[in-house]
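S.K.: Using only what follows, build the 3D model:
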Amino acid sequence: MLAEERRQRILEELERNGSVAVMDLAGRLGVSDMTIRRDLEALAARRLLQKVHGGAVPVRKAATEPHFTHKRRLKQAEKQAIAREALKLIEDGDTVAFSAGTTTWHIAAALKRAGRDLTFITNSTNIALTLQENGWDQIVLSGGIFRTPSDALVGAYADRTLRSLNADILFLGVHGIHPEAGLTTPNIAEAETDRTMVEASRRVVVVGDHSKLGVVALAKIASLSEVDALITDERAPRDMLRKIGDAGVEVIVARL
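M.R.: Numbering: from 1, shown residues only. Predicted coordinates for the structure are as follows:
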C-alpha cells in the first residue's frame, strides 16, 4: 500500500470513529508503529488531524471538507470575479471541461448560450444541471461513483470515460496550489479523476481564490509544469503569485 493510500485510510478511520490509536492502525494496516507515527506527523503538518498521546483526533475545520452547498456560498465575490476572467478564455467551437467544484460551478453558471457553439465535459452533476438550465445541450457527464461532500463523480469508470475524450480547455478547481507541491486535493480518488482530465485537455486553467494559495492537501493532482494558467483574485499574496509565475504559469488576477 502506498503512503498516500495509507494516510487516506487513516483519515477515513478518523472520520468514522472520531479518533484513532497508533497500535490499532498499525495492526489494521499491517505496518509498524513507527510508520503510523510518521503518517500522523505528516497529516498533522497539513492540519488534517491533531496528534495526541498514542493516536490522533480531528482538527475542526481542517480535517473535514465542507459540502458543496456550503462552499458555494463562501467567497462569492472572488469566485464571480474569477468566473468573469475565465469566460474571456473560451472561444466559439471549444470543447470545455470542468472539474467538480464551486469555483468551476460559478463559471458554468455565468455561461449564457447567446448563439454560441460549445461542447462541455464534466464530472459534476451540479455543473451539468446548471449548464442545461442555461440552455446548453451538448454536455458529456463522466459517470462514476458519486462522492460527497464535493458532489464529484470519481473512480475507475469516470476515469475511463474521461480518458477517451479530448478538451480544448479545462477549468480545474483545486483544494491547494503550492509552488513546490503543485495542485492537491484531500481525496485520492478525486485527485486521480482530476489528473485524468488534465491529461485529456489541450489547455489547463486552474481557478482558485486567494485562500487556496500555499495550501497542500493529501493527494497530488498535477505539478505546476502541467498548468498553463491560474486565475485567482487580487487578494492573493504577491510573493506566492511571483513563485507560481516563475514556474511558467500565466497568472491572471481578477479584480473584485
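S.K.: Can you give me the end-to-end span of stretch 98-112?
M.R.: End-to-end distance of stretch 98-112: 16 Å, with Cα to Cα, to the nearest Å as the criterion.
S.K.: Tell me which residues of that stretch come out buried.
M.R.: Across stretch 98-112, burial judged by 16 or more other Cβ atoms under 10 Å covers 98-111. All C-beta atoms are positioned from the backbone trio N, CA, C, and that covers glycine.
S.K.: Could you list the domains of this structure?
M.R.: The chain breaks down by automatic domain parsing into domains covering 3-57, 68-254.
S.K.: Just the endpoints, please. Distance across the first one?
M.R.: Using Cα to Cα, the span of domain 3-57 from its first residue to its last is 20 Å.
S.K.: now it, how far from the centre of its chain.
M.R.: Centre-to-centre, domain 3-57 and its host chain are 23 Å apart (Cα atoms, centre = their mean, to the nearest Å).
S.K.: The residue lying closest to E226 once chain neighbours are set aside sits in which helix or strand?
M.R.: Excluding the flanking residues, the one nearest E226 by Cβ to Cβ, 6 or more residues apart in numbering is V198, at 5.8 Å. Per DSSP states H and E: V198 is located in helix 188-199.
S.K.: And that helix, what does it pack against?
M.R.: Helices and strands touching helix 188-199, by 3 or more Cβ pairs under 8 Å, 6 or more residues apart in numbering; DSSP states H and E, are helix 3-17, strand 145-147, strand 152-154, helix 156-163, strand 167-173, strand 182-185, strand 219-222.
S.K.: Check which residues of the longest one are buried.
M.R.: Of the residues in helix 3-17, those with enough neighbours to count as buried (16+ other Cβ under 10 Å) are R6, R7, Q8, R9, I10, L11, E13, L14.
S.K.: Also the second one?
M.R.: For strand 145-147, the buried set under the neighbour-count rule, 16+ other Cβ under 10 Å, comprises R147.
S.K.: can you start the count at 58 instead of 1 from here on
M.R.: Sure, I'll start numbering at 58, so the last one becomes strand 202-204.
S.K.: can you give me how far that strand is from the chain middle?
M.R.: On Cα atoms, centre = their mean, the centre of strand 202-204 falls 14 Å from that of its chain.
S.K.: Neighbouring strands - and their directions - for that strand?
M.R.: strand 209-211 (antiparallel) (DSSP bridges).
S.K.: Contacts for the partner strand, please.
M.R.: Identification of contacts with strand 209-211 by Cβ atoms under 8 Å, 6 or more residues apart in numbering yields 156-158, 180-182, 198-204, 244, 246-247, 249-250.
S.K.: now do 7 Å
M.R.: Under the contact criterion Cβ atoms under 7 Å, 6 or more residues apart in numbering, strand 209-211 has outside partners A157, N180, S181, S199, G200, G201, I202, F203, R204, A246, E247, T250.
S.K.: nearest to R95, of those residues?
M.R.: Distance to R95 across the contacts of strand 209-211 (Cβ to Cβ) is lowest for A246, with 23.3 Å.
S.K.: what about the closest one, how many neighbours?
M.R.: Residues near A246, counting by other Cβ atoms under 10 Å, number 19.
S.K.: Also the one 3 residues further on?
M.R.: Other residues lying near E249 total 17 when counted by other Cβ under 10 Å.
S.K.: Next up, the contacts around the nearest residue to D251 once chain neighbours are set aside.
M.R.: Spatially, and ignoring its direct neighbours in sequence, D251 is nearest to I278 (4.6 Å; Cβ to Cβ, 6+ apart). Neighbouring residues of I278 by Cβ under 7 Å, 6+ apart: V231, L240, T241, T242, A248, D251, R252, V255.
S.K.: what bridges to the nearest residue to the first one once chain neighbours are set aside?
M.R.: So that's V231. Leaving aside its chain neighbours, V231 sits nearest to L240 (4.6 Å; criterion: Cβ to Cβ, 6+ apart). Beta-bridge pairing for L240 (DSSP bridges): I234, A279.
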